[in-house]
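Novice: Turn this into a structure:
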Amino acid sequence: MKHYIGAGNPMHAQFEARAPYVAKHFAWHYEAGVGTITLNRPERKNPLTFDSYAELRDLFRALAYATDVKVIVVTGAGGNFCSGGDVHEIIGPLTGMRMPELLEFTRMTGDLVKAIRHCPQPIVGAIDGVCAGAGAMIALACDLRYGSPATRTAFLFTRVGLAGADMGACALLPRVIGQGRASELLFTGRAMTAQEGQAWGFFNALHESDALLEAATKVARELAEGPSFAHGMTKTMLSQEWSMTIDQAIEAEAQAQAICMQTEDFKRAYEAFAAKRKPVFGGD
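Specialist: Model (predicted):
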């Protein structure tokens with residue numbers, strides 16, 4: 001994302017390529033500007049652990065300073081996305097913790113959603129099969145979501161005796177699918193079918209399971225070839241304008257667009273249009 005911070009820039013040492021990153025608690029793959037995170041404990045439907053929560057949080061934070069990753073895909077191995085927190089490695093230990101310790105845990109899970117939302121790169125979810133609890137929240141935090149007809153998404157916190165308010169669900173879900181639908185899912189904990197998810201705007205599209213990751217990756221590659229500085233601006237404004245008045249939003253977009261008009265990509269697009277050819281963006 002910060003690829004315009006070149007080797008000759010005096011700030012270059014403060015930024016880093018993330019292609020060589022070696023993940024410990026999930027899989028990481030980088031190709032042509034697209035980084036792919038795969039939750040890979042398929043024998044248990046890819047549940048999260050304390051370690052994977054923390055590593056995901058730290059990686060998303062670090063990706064904000066990456067010089068190579070322009071788009072991120074998040075997916076799961078073995079036909080499922082994520083079943084949430086591991087029952088034995090997280091839920092069990094939580095029942096023995098005191099409130100201050102529990103608060104550290106819930107803040108850590110919230111920090112993962114914050115890191116995803118603050119990451120300037122577009123994030124594309126390829127969400128198949130089971131998508132539950134914290135897994136549903138990771139999916140919700142993505143910018144674009146693609147599912148399969150078999151995807152079942154459940155914000156099932158109430159089913160384990162907790163509030164539907166977890167990891168930002170009460171703020172994020174109504175904005176995506178509407179207050180009434182979000183209220184039903186968060187009060188009942190029932191699973192949203194893939195078809196409901198598509199009709200309600202949770203999923204951008206559905207693809208058969210065997211074609212889902214490739215379809216999501218294709219979108220990611222197309223975004224990676226686009227004006228990545230401007231994509232970062234779009235993501236920033238989509239987030240910041242939630243808390244603005246219409247007048248404030250219009251002024252903020254005027255300033256944002258004026259900044260983007262100073263990029264080389266804006267010039268490239270104009271020159272390509274005038275020459276009747278496809279622009280090749282550089283992200284600077």
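Novice: Could you give the number of residues near Y270?
Specialist: By other Cβ atoms under 10 Å, 11 other residues sit near Y270. Heads up, the C-betas are built off the backbone N, CA and C, glycines and all.
Novice: Next: the one 5 residues further on.
Specialist: As a burial measure, A275 scores 9 neighbours (other Cβ under 10 Å).
Novice: same thing with F155?
Specialist: Counted with other Cβ under 10 Å, F155 comes out at 30.
Novice: cool, the one 5 residues further on as well?
Specialist: Residues within reach of V160, counting by other Cβ under 10 Å, total 12.
Novice: Now it: phi and psi?
Specialist: phi -110, psi 20 (degrees, to the nearest 10).
Novice: Check whether it really touches L94, as I assumed.
Specialist: No: judged on Cβ atoms under 8 Å, V160 makes no contact with L94 at a distance of 10.0 Å.
Novice: Could I get the full set of helices for the stretch 101-250 of the chain?
Specialist: 134-141, 169-177, 179-188, 194-199, 209-224, 228-240, 246-260 (DSSP state H, counting those that start in this stretch).
Novice: between those helices, which one is nearest to A19?
Specialist: Nearest of these to A19, taken as Cβ to Cβ: helix 209-224 at 12.7 Å.
Novice: and the closest one, which residues are buried?
Specialist: For helix 209-224, burial by neighbour count (16 or more other Cβ atoms under 10 Å) applies to S209, L212, L213, A215, A216, T217, V219, A220, R221, L223, A224.
Novice: what two of those have the greatest distance between them?
Specialist: S209 and A224 (24.0 Å).
Novice: which of the helices of the stretch 101-250 of the chain sits most buried?
Specialist: helix 134-141 (a mean of 25; mean count of other Cβ atoms under 10 Å).
Novice: for stretch 210-223, what is the average pLDDT?
Specialist: Here stretch 210-223 scores 98 as its mean pLDDT.
Novice: With stretch 251-259 instead?
Specialist: On average, stretch 251-259 scores 95.
Novice: Touching that stretch from outside, list them.
Specialist: M233, T236, M237, Q240, E241, M244 (Cβ atoms under 8 Å, 6 or more residues apart in numbering).
Novice: tell me the pLDDT at the residue with the largest distance to the centre of the chain?
Specialist: No residue in the chain sits farther from the centre than A275, which is 36.2 Å out by Cα atoms, centre = their mean. Looking at A275, its pLDDT is 93.
Novice: Report the separation between the residue nearest to D68 when sequence neighbours are not counted and A32.
Specialist: Leaving aside its chain neighbours, D68 sits nearest to A17 (4.5 Å; criterion: Cβ to Cβ, 6 or more residues apart in numbering). As for A17, its distance to A32 is 14 Å (criterion: Cβ to Cβ, to the nearest Å).
Novice: Just the strands from the stretch 51-200 of the chain, written as ranges.
Specialist: Ranges of strands in the stretch 51-200 of the chain, per DSSP state E, counting those that start in this stretch, are 71-76, 123-127, 130-132, 144-147, 152-154, 191-193.
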